[in-house]
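J.: can't give you the sequence, but here's the structure:
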Ligand SMILES: NC(=O)N[C@@H](CC(=O)O)C(=O)O
Ligand SMILES: [Zn+2]
Ligand SMILES: [Zn+2]
């Protein structure tokens, strides 16, 4: 029997997506040292380590740590909504090990100092990997490009004005040209301001029923159409934020078919909910983009399945209870997402038999890593031990009071879901569910 030395964590009897039987996972020095099948299972005396901890997963799922490339951590400036520490804790509780945070903070992350501040706070929190985006334009005002080179040097991983669309086509073209020159992606919140002024739900049965004007689908798709043409012209890697309409899907599919460097993301809520589910004037159902029609939802699901949409992101967007209490018209857009994302999609798409578990996991790990050129997203020998352990059998109702995020703004309260993360490891260290791993008294 092989001897394993310097092991720090021994996860026993975990199932892994796409494989039969259980595996033991040995972790040391922050990396995966071995993944052993039932027939290769080591004896206790074969595994050594000064601080060895053991966790018997009893058949629970071990996946590569989930990756979320679109989140709002609110720091600096809006610490009452979330801090980098509370957001990172919430991410860990949701099974995420790497998250990419949006620059719509105060100040906006449009300068190297703020990029550095985000990285420093993330290091201090010492929970999950935090990758900062920087703004495309100064203060996200769409008027003047930021210093892309300096922002990249400071550690930004891409450029986006998320929260608002870049309204001017020449500005977007200049941004893509400059981003392409330094091999950085442009990530776009697609929204034409002239079509959405003051509106807060989509054009559909809800808006009709309540006699209000709704946000039309083309407000999103017009930007997608414009931007795929600009990506073709500039050669930039263009990534579409939170796709929500049939029309956007059609344009992305066409652009991909002719070789444009475009990738796209979708949020769990746009896969699971439509405007017909909105119970009434409840601001926990107000988010941007708004919930669209069932026809859009169906088109988006198909697009994720056929690869037109590459990845799943949460767009975790915490707001305070006071802000969300301002009523449908005045409350800010956004819902929290870290802690419900996996259970929601597992329950709605895997348990129902529509997707394989492997497919869901890929769209939340390997695919985001591929799209953004990250090293993580794989569970294999030699890889960094970013791992989520998920209890697929555990069923419970969503209770915002159990959330680690400061946000309570979710439309999923009370919904019965299965597939809850129970332990999350970042570079082999448990950042959630640490108490489950027991020290071995040699
Ligand atoms: N998605 C939202 O509804 N809100 C986001 C902004 C955004 O992602 O566009 C926020 O910052 O609150
Ligand atoms: Zn956005
Ligand atoms: Zn966002």
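T.: Done, it's in. All values derive from a computational prediction rather than experimental measurement. Ligands and ions are numbered 1, 2, ... in the order given.

J.: what is the burial count for residue 302?
T.: 14 (other C-beta atoms under 10 Å). Quick note: C-beta positions are derived from backbone N, CA and C, even for glycine.

J.: going forward can the numbers begin at 59, since that is how I track them
T.: In the new count, where the first residue is 59, that last one comes out as residue 360.

J.: quick one: it is in a strand?
T.: No: using DSSP: H, G, I helix; E, B strand; the rest coil, the assignment for residue 360 is helix, not a strand.

J.: and the stretch 109-258 of the chain, which residues reach ligand 2?
T.: 220, 247 (C-beta under 5 Å from the ion).

J.: now the stretch 109-258 of the chain against ligand 3: closest residue?
T.: Nearest to ligand 3, among the residues of the stretch 109-258 of the chain, is residue 220, at 4.5 Å (C-beta to the ion).

J.: state the distance from that residue to residue 374.
T.: Taking C-beta to C-beta, to the nearest Å as the measure, residue 220 falls 12 Å from residue 374.

J.: spit out the residues that contact the two alike.
T.: Residues touching both residue 220 and residue 374 by C-beta atoms under 8 Å, 6 or more residues apart in numbering: residue 128.

J.: contact partners for the residue nearest to residue 413 when sequence neighbours are not counted?
T.: Closest residue to residue 413 apart from its sequence neighbours, by C-beta to C-beta, 6 or more residues apart in numbering: residue 407 at 4.4 Å. Each residue near residue 407 by C-beta under 8 Å, 6+ apart is listed here: 329, 413, 418.

J.: my read is residue 407 is in a helix, agree?
T.: Yes: counting by three-state DSSP, residue 407 is part of a helix.

J.: could the contacts of residue 407 be laid out in TSV, adding neighbour count?
T.: Below are the contacts of residue 407 laid out as TSV (neighbours: other C-beta atoms under 10 Å):
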residue	neighbour count
329	18
413	20
418	22
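
J.: can you tell me which of those residues is nearest ligand 3?
T.: Nearest member of the contacts of residue 407 to ligand 3, counting by C-beta to the ion, is residue 329, at 16.2 Å.

J.: can you show me the helices along the stretch 109-258 of the chain?
T.: 142-151, 170-183, 206-212, 227-239 (DSSP state H, counting those that start in this stretch).

J.: pick the most buried one from the ones you listed.
T.: Comparing the helices of the stretch 109-258 of the chain by mean neighbour count (mean count of other C-beta atoms under 10 Å), helix 142-151 ranks first with a mean of 26.

J.: mean confidence for it?
T.: Regarding helix 142-151, the rounded mean pLDDT is 98.

J.: show me what from the chain comes close to ligand 3.
T.: 220, 373.
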